[in-house]
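J.: predicted structure and sequence below. I'll ask about it afterward.
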Amino acid sequence: MPAATPIPVLDSDLEAVTYNADGLVPAIVQEASTGEVLMMAWMNATTLRRSLEEGRTVFWSRSRQEEWRKGDTSGERQWIRRAAYDCDGDTLLFVVEQEGAGACHTGNHSCFYRSFGEAPRG
């Protein structure tokens, strides 16, 4: 099992993040070994801090209105290897080591398994 590697939490970094009207910021998750984009989810200030401190992705579920730690029920945990924010501070990027079969709740490795102009799969 991969090990958690906490990311240093600097107040100046956290203050640079811009949240939308709902207090959320999009977080893109990319696989460290392949560069593949695995998923996008939402974070609030609490789940961002928790993710950095724990070294595992923690998101905010808009549909359930609650925090969820990726993999707690599925075993498909994401171990953060690098965390960044974009030039405007309104999008996060997490480079992770994906544990298990993948990131998508459908059972696919990536949530982006469907392409425009191609026959559906999965």
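T.: Cool, the structure landed.
J.: list the helices and strands the lengthiest helix in the chain packs on?
T.: Ranked by number of residues, the top helix in the chain under DSSP state H is helix 45-54. Packed against helix 45-54, as judged by 3 or more C-beta pairs under 8 Å, 6 or more residues apart in numbering; DSSP states H and E, are the following elements: helix 11-15, strand 58-61, strand 66-69, strand 78-85. Placement of C-beta: from N, CA and C, glycine included.
J.: packed most tightly, which of those would that be?
T.: Mean neighbour count (mean count of other C-beta atoms under 10 Å) peaks for strand 58-61 among those, with a mean of 20.
J.: elements contacting that strand?
T.: Strand 58-61 packs on strand 37-43, helix 45-54, strand 66-69, going by 3+ C-beta pairs under 8 Å, 6+ apart.
J.: R77 is nearest to which of the ones you listed?
T.: strand 66-69 (8.1 Å; C-beta to C-beta).
J.: what is the closest one packed up against?
T.: Using 3+ C-beta pairs under 8 Å, 6+ apart: strand 66-69 touches helix 45-54, strand 58-61.
J.: got the helices and strands packed on helix 45-54 as JSON lines, with mean pLDDT columns?
T.: Compiled in JSON lines, the helices and strands packed on helix 45-54 are given as follows (pLDDT from 0 to 100):
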{"stretch": "helix 11-15", "mean pLDDT": "96"}
{"stretch": "strand 58-61", "mean pLDDT": "97"}
{"stretch": "strand 66-69", "mean pLDDT": "94"}
{"stretch": "strand 78-85", "mean pLDDT": "97"}
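J.: which of those sits closest to E31?
T.: Closest among the helices and strands packed on helix 45-54, using C-beta to C-beta: strand 78-85, at 9.0 Å.
J.: could you tell me how many residues sit around the residue lying closest to G102 once chain neighbours are set aside?
T.: Leaving aside its chain neighbours, G102 sits nearest to H109 (3.4 Å; criterion: C-beta to C-beta, 6 or more residues apart in numbering). Close neighbours of H109, defined as other C-beta atoms under 10 Å, add up to 18.
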